[in-house]
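[1] Sequence first, predicted model second:
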Amino acid sequence: MRATRAVQKILAGYEGETPGVKGKLRQMLMTGKLGGTGKMVILPVDQGFEHGPARSFAPNPAAYDPHYHYQLAIDAGLNAFAAPLGMLEAGADTFSGQIPTILKANSANSLMSSSAGKNQAVTASVDDALRLGCAAIGFTIYPGSDMALDMFEEISAMREEAAAKGVATVIWSYPRGEALTKDGETAIDIAAYAAQIAALLGAHVIKIKLSTDHLELKEAKKVYEDEKIDISTQAARVAHCMQAAFNGRRLVVFSGGAKKGENSVYDDARAIRDGGGNGSIIGRNTFQRPREEALKMLGRIIDIYKGRD
Amino acid sequence: MRATRAVQKILAGYEGETPGVKGKLRQMLMTGKLGGTGKMVILPVDQGFEHGPARSFAPNPAAYDPHYHYQLAIDAGLNAFAAPLGMLEAGADTFSGQIPTILKANSANSLMSSSAGKNQAVTASVDDALRLGCAAIGFTIYPGSDMALDMFEEISAMREEAAAKGVATVIWSYPRGEALTKDGETAIDIAAYAAQIAALLGAHVIKIKLSTDHLELKEAKKVYEDEKIDISTQAARVAHCMQAAFNGRRLVVFSGGAKKGENSVYDDARAIRDGGGNGSIIGRNTFQRPREEALKMLGRIIDIYKGRD
Amino acid sequence: MRATRAVQKILAGYEGETPGVKGKLRQMLMTGKLGGTGKMVILPVDQGFEHGPARSFAPNPAAYDPHYHYQLAIDAGLNAFAAPLGMLEAGADTFSGQIPTILKANSANSLMSSSAGKNQAVTASVDDALRLGCAAIGFTIYPGSDMALDMFEEISAMREEAAAKGVATVIWSYPRGEALTKDGETAIDIAAYAAQIAALLGAHVIKIKLSTDHLELKEAKKVYEDEKIDISTQAARVAHCMQAAFNGRRLVVFSGGAKKGENSVYDDARAIRDGGGNGSIIGRNTFQRPREEALKMLGRIIDIYKGRD
Amino acid sequence: MRATRAVQKILAGYEGETPGVKGKLRQMLMTGKLGGTGKMVILPVDQGFEHGPARSFAPNPAAYDPHYHYQLAIDAGLNAFAAPLGMLEAGADTFSGQIPTILKANSANSLMSSSAGKNQAVTASVDDALRLGCAAIGFTIYPGSDMALDMFEEISAMREEAAAKGVATVIWSYPRGEALTKDGETAIDIAAYAAQIAALLGAHVIKIKLSTDHLELKEAKKVYEDEKIDISTQAARVAHCMQAAFNGRRLVVFSGGAKKGENSVYDDARAIRDGGGNGSIIGRNTFQRPREEALKMLGRIIDIYKGRD
Amino acid sequence: MRATRAVQKILAGYEGETPGVKGKLRQMLMTGKLGGTGKMVILPVDQGFEHGPARSFAPNPAAYDPHYHYQLAIDAGLNAFAAPLGMLEAGADTFSGQIPTILKANSANSLMSSSAGKNQAVTASVDDALRLGCAAIGFTIYPGSDMALDMFEEISAMREEAAAKGVATVIWSYPRGEALTKDGETAIDIAAYAAQIAALLGAHVIKIKLSTDHLELKEAKKVYEDEKIDISTQAARVAHCMQAAFNGRRLVVFSGGAKKGENSVYDDARAIRDGGGNGSIIGRNTFQRPREEALKMLGRIIDIYKGRD
């Protein structure tokens, strides 16, 4: 399928990238109900690793089955489905070719003491992604952690290999760790910084969290105030994060965090749209709801990105 | 283009180096308005990584866009443009061949707690530099940090590979860390020491900061006083740092740090010139100003190096 | 230096290529008196290997010295100088950065019996090209030889490595061998076929010989006649070869063979120009003449490509 | 040049070593004014790394230039010149073949806090030594440091590679660190221990410091007293250290430390000679003096080793 | 020892070569009675492999012993001794450091039928040369053989490795094989061609045979006659071969072949000297004579190169 102008314009920002990588980005951007709009909704299911299975799937037990998520993402007309190795493998044959997949290549868990530091384990390889026919690898970094430099080095090397082999890279840039307060993890200055770091590391798609108007770093606070940077609304904060992603030359999708009320999810999507973000990556808010409810919600989110809501 | 005598003399100091590396040094020295003079002005843009995007670019929001910096360096007639992987890639095709590029291959950030130590992450490879057609890799070391030995080992290995493949090495030698006071970071004894370490590690171009007349180390202080080493003016301190760079056999460029008044920037350039330094590496003082103002300032700096101001 | 529109258009044909390779093509296209026109004149000096030193250089004994050729190419304002390893090394330092070089990475010789088959030895590596700072590797294939498949495999592997490391590939596609008559070596159907094979192997620049209106292959002859393909003039045949080079999406330079009369050389250049070819690769016709005469001839060829003659 | 009997006898101690390594030892032993005597004087210039440039070179500013040291070692008729990578490279071509060189392959500096531990960074490779045509690599170990085991492992691996490739290994065995008092660093029991460790690690040449009659380790002190080991004079202590170096089967050179009075330097040399040591490695005491004075001093040291003083 | 001007001028021709390789060339050029003159006499002893032991050594049975040859080369004051692995190893310890050695890394023998083709076996590695402390590897190619392309590829790869590790390369360029008549093997056009091929392959020292005034190749014959190339005397033919070796930028030594009369040997040396050749590589004519006679002959050859005879 020929890329639309909107998609062509986005891809033109990836200068000097291999045709393989650009083809994978194009595949994600041209898939699903938002195909061709330049917007994306991605279903990520790595919470079983991060929070444990019951916390993740008990509210909707059908979700214990990996096939459930593949089918949900396909039926909802999403752009891609992201998960760790084992979950992707569990449906790799049944759903092959039906939706682009993102192999989450490192993973955290809730069974680590604070002394272990904020870090993740590399749990899959670029070759795994090739073998499974994935469109991209996904990798989490923790700016703010004392382990951050190690994580940056891991994804730098992995991205180099992936790009050479025609696989795109999605970086989950999630601030946390010794350098940050709890509020700081979602502060707007930190969110924009997280987007910038991912872009500089060479991410093709950047995943960050929606932010608050809190300003964490003293030196940054001064600049935001002096330069009168508008961070008063979520849409304004999204727009600022897009600036931090090479003035919009990189795809950025936003996550909303823990399950919350429907309207809140729709408000998030409208803010992302209005701020010029590229879409949502939305997990618990969908798969922890009953399937029909989730499909309805995802349908409405897609309508929002299409400007119909 | 045939190298001028000034450039030939500089290159003769790089004994036993591969023709590939010498060709890259020649390329940087023969480019731009200072081409052929043996002087260089380089634009480095890694502050988005180091200080975050808003602190770096909000004063001049056009600078959020990587293309802005490429174009600024080209239009100002500079010798080279240095940036991390993601930023170089974002303009790799549009600006290919218009200005030599330096791939900043490791990066720090402001989101690290003091317990993490002073260190940087290796975020690009020599093969990245080759793929992107870069003239050099850039690498920061922190003499004074407890992590310094690790950083020295990283750049030693990377330099060996780069030189074999015809890529030059620029070392940012920035003292900081557990062994130094805040004043010590810019003390003249420390600055000269930083230049010496970079030269001994095999740097082809050395980047250090301009220094103060503070003397940090007790043993050094005694020598400076006994030997009556002139450190009374910035030009004298630049001249002393050139001694420390193998008596001028290595190219040394100086950075001026945070944004400051115009006259101060020009005074810096005159001191570098009068002390026999090879030029300026000047980031925030240019890209945080409006483009026209920055171009005017860079034009005047170039005039200073040409001896016209 | 910013690429001209003509050069930008050519480079746009190299879709998906690394910035490093495109930078090297740009470097060759933007160098010399034809810089920016999209036309090229290249000096190749591998005849000492192929025909022996006396046959190559005795008519102009100054040409025994490798420096002679570097200087001739520079003084004539050519786009590049191509030679085997030993010859490039002999001037690698003196002429570094003055003209793009092409490392001829395989070589034939006239001391092989017919039983040896038509083949060449690989006599340099991609790492040699990097070490010497070359813009490209050059490689000869012999379509028509029983050894052709081996040669195709060699250059396929070498091209892959070169492109990943930012080095361009020039293929000398010279039909000869068991499958061809003597007339067939320069037949137009064979010349076009040779251009096509080089393009399909991934050559960035293709070097073929000017052809005659002979048609070698029976099946091809029928098509040329049925389709009334115009092969009546040299310009028409050049135009046909450009079609075979992906309808002009690949750079093609033409060689004229053994030394001949001046007017004949100029006629060749006009035909190449009028047929839309990208230029000449011209060795013996220049370096076998006295230097002043050669410079005058090259000057006039350049004028022809500029449309002034 | 045929090795003298004195040198042959020394080399016979290196049983089972490769001819390449023995050739390099012979080269050092047969070079300079002491060539053939079995004695050596080596100029080491790594103090710029270890103490900083001003502390090292300001007393004699000509010494900022790497060429100065090469020339001093050559003109004084020394056996070898030892320095880190950058300094050797800066004269690699000019002085090639005029004096054997030792590539100092790890380096310490004075900008490390006590929390960093006593350690050095590996700053050059065996391949660097081969490329630069060095006779040996030099490597410092710190017996007594908590990092000592790491350093032993590094040099063990490097020595293995160097020996296989015909490069000799010189170990600077310098006790310091958590296990030692300040006095202990130069205690005779520790000095002998340091020589023994270097010999057991496979050093071809051992560099230790001259020692005092202090005894650091309680268990050792008892033995020295019970066995009435003579440590009353410097010559006796040198003789004891030679015992510790496989009863003289390994070359041991002694360093004298910081700049001091001339007579003290001569006394040291006489003690080394009388104790059967193989010579001096003498840096600051020469290059911190004016050249003529240094040459005179080195001449007299050489006379001492020749038994004329 | 400082290189003489004559030697410095020769070394300057090896542009872009590593200091290690240049140091090895300097070592050979500065050794022996011809040290510093730019002339060389080398003793090669690979005839035991090539012709068998009795044919090689029976005329002077002392020569069965490898030590004999080492000692002969040393006592005669030659520049280097070349032999296959086993012979070098047999004296590697005894003679280490007394004379530069060249490890002959491939070898032919007389026990091959004509159907085997003209080829040699690779019988040693660059690492062997390093282990044995050799100054160079030696490698034979057979231009004219149907196996020549394979041999060129072998030495190309080996030379690349050797140069990176600081070992020089000597190519024995000996025309023979299917493409040549017996007379052609020593024809002047073929000798010059052999020198050219070795130079283009990157040889640092070229070894060819003295030639006759026979012209083998029809196309070449025409050029020699048309251009009136002087091949009437041996000196003229030597001079022509030096042209073919990059106009004298590469060292060329000449061999005289089978044992012959003394005067004939002296005449050869005078012709080499008068033609500007760099010296002789002379095996059977020395070691097949009694030692005293050989020493006398070598002494006189050295006198000839010194211009005293």
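    Now that the structure is in, tell me what you want to look at. For clarity, every value in this text was computed on a predicted model and none was experimentally measured. Numbers count the residues shown, from 1 in each chain, chains lettered A, B, ... in the order given.
[2] just for the stretch 151-300 of chain A, where's the confidence low?
    The stretch 151-300 of chain A contains residues with pLDDT under 70 at A:257-258.
[3] let's see 90
    The model of the stretch 151-300 of chain A has pLDDT under 90 over residues A:256-262.
[4] where do the strands sit along it?
    A:168-173, A:205-209, A:251-255, A:279-281 (DSSP state E, counting those that start in this stretch).
[5] Any idea which of the ones you listed gets closest to chain D?
    Chain D lies closest to strand A:168-173 among those, at 30.9 Å (C-beta to the nearest C-beta). Where you see a C-beta, it was placed from the backbone N, CA and C, and this is true even at glycine.
[6] partner strands of the closest one, parallel or antiparallel?
    If you go by DSSP bridges, strand A:168-173 pairs up with strand A:136-141 (parallel), strand A:205-209 (parallel).
[7] average pLDDT for the longest one?
    Confidence for strand A:136-141, expressed as mean pLDDT, is 98.
[8] Show me where chain A has its helices.
    In order along the chain, chain A carries the following helices (DSSP state H): A:5-12, A:19-29, A:47-51, A:53-57, A:66-75, A:85-89, A:126-131, A:148-164, A:188-200, A:218-226, A:234-244, A:262-274, A:284-287, A:291-305.
[9] quick check: angle from the fifth one to helix A:291-305?
    The reference is to helix A:66-75. Inter-element angle recorded for helix A:66-75 and helix A:291-305: 40 degrees (by axes from the mean of the first three to the mean of the last three C-alpha atoms, to 10 degrees).
[10] isn't residue A:52 right up against residue A:110?
    Yes - in this structure residue A:52 lies within contact range of residue A:110 using C-beta atoms under 8 Å: 6.0 Å.
[11] Comparing these two, which shows the higher neighbour count?
    Shown here are residue A:52 and residue A:110; by other C-beta atoms under 10 Å in any protein chain shown, residue A:52 has more neighbours (14 against 9).
[12] contacting residues around that one?
    By C-beta atoms under 8 Å, 6 or more residues apart in numbering or on different chains, residue A:52 lies in contact with A:109, A:110.
[13] Could you check how far it is from residue A:185?
    Relative to residue A:185, residue A:52 is positioned 21 Å away (C-beta to C-beta, to the nearest Å).
[14] Tell me which residue is most central in chain A.
    Nearest residue to the geometric centre of chain A (C-alpha atoms, centre = their mean): residue A:207, 3.4 Å.
[15] Just the endpoints, please. Distance across stretch A:253-272?
    Taking C-alpha to C-alpha, to the nearest Å, stretch A:253-272 runs 8 Å from one end to the other.
[16] returning to that earlier point: can I get the helices of chain A in a markdown table with mean neighbour count and distance to chain B?
    Output for those, formatted as a markdown table (neighbours: other C-beta atoms under 10 Å in any protein chain shown; distance: least, C-beta to the nearest C-beta, whole Å):
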| stretch | mean neighbour count | distance to chain B |
| --- | --- | --- |
| helix A:5-12 | 15 | 9 |
| helix A:19-29 | 21 | 11 |
| helix A:47-51 | 19 | 21 |
| helix A:53-57 | 16 | 28 |
| helix A:66-75 | 20 | 28 |
| helix A:85-89 | 19 | 25 |
| helix A:126-131 | 18 | 15 |
| helix A:148-164 | 21 | 4 |
| helix A:188-200 | 30 | 4 |
| helix A:218-226 | 15 | 5 |
| helix A:234-244 | 23 | 4 |
| helix A:262-274 | 18 | 19 |
| helix A:284-287 | 25 | 26 |
| helix A:291-305 | 18 | 24 |
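[17] what's the closest of these to chain E?
    Going by C-beta to the nearest C-beta, the one of the helices of chain A nearest chain E is helix A:148-164, 24.4 Å.
[18] For chain A, what lies in contact range of chain C?
    A:15, A:16, A:18, A:19, A:22, A:164 (C-beta under 8 Å from any C-beta of the partner chain).
[19] can you tell me how far the closest residue to residue A:95 other than its chain neighbours sits from residue A:79?
    Nearest non-adjacent residue to residue A:95, counting by C-beta to C-beta, 6 or more residues apart in numbering or on different chains: residue A:70, 4.3 Å away. Here the criterion is C-beta to C-beta. By it, residue A:70 lies 14 Å from residue A:79.
[20] now do residue A:187
    Per C-beta to C-beta, residue A:187 is found 28 Å from residue A:79.
[21] neighbour count winner among these two?
    Using other C-beta under 10 Å as the criterion, residue A:187 and residue A:79 rank with residue A:79 on top: 29 against 24.
[22] what residues are up against the closest residue to the more buried one other than its chain neighbours?
    In this structure, residue A:79 finds its nearest non-sequential neighbour in residue A:40, 4.2 Å apart by C-beta to C-beta, 6+ apart. Residue A:40 makes contacts with A:28, A:29, A:34, A:79, A:80, A:251, A:253, A:278, A:279, A:280, as judged by C-beta under 8 Å, 6+ apart.
[23] for the residues you listed, which one is nearest residue C:66?
    residue A:251 (51.4 Å; C-beta to C-beta).
[24] That closest one: neighbour count?
    By the criterion of other C-beta under 10 Å, residue A:251 has 27 neighbours.
[25] check contacts around it.
    Residue A:251 sits in contact with A:10, A:25, A:40, A:204, A:205, A:206, A:245, A:278, where contact means C-beta under 8 Å, 6+ apart.
[26] Hmm, residue A:177 is touching residue A:148, no?
    Yes - with contacts counted by C-beta under 8 Å, residue A:177 reaches residue A:148, the gap being 6.8 Å.
[27] Identify the contacts common to those two.
    Contact criterion C-beta under 8 Å, 6+ apart; residues shared by residue A:177 and residue A:148: A:142, B:111.
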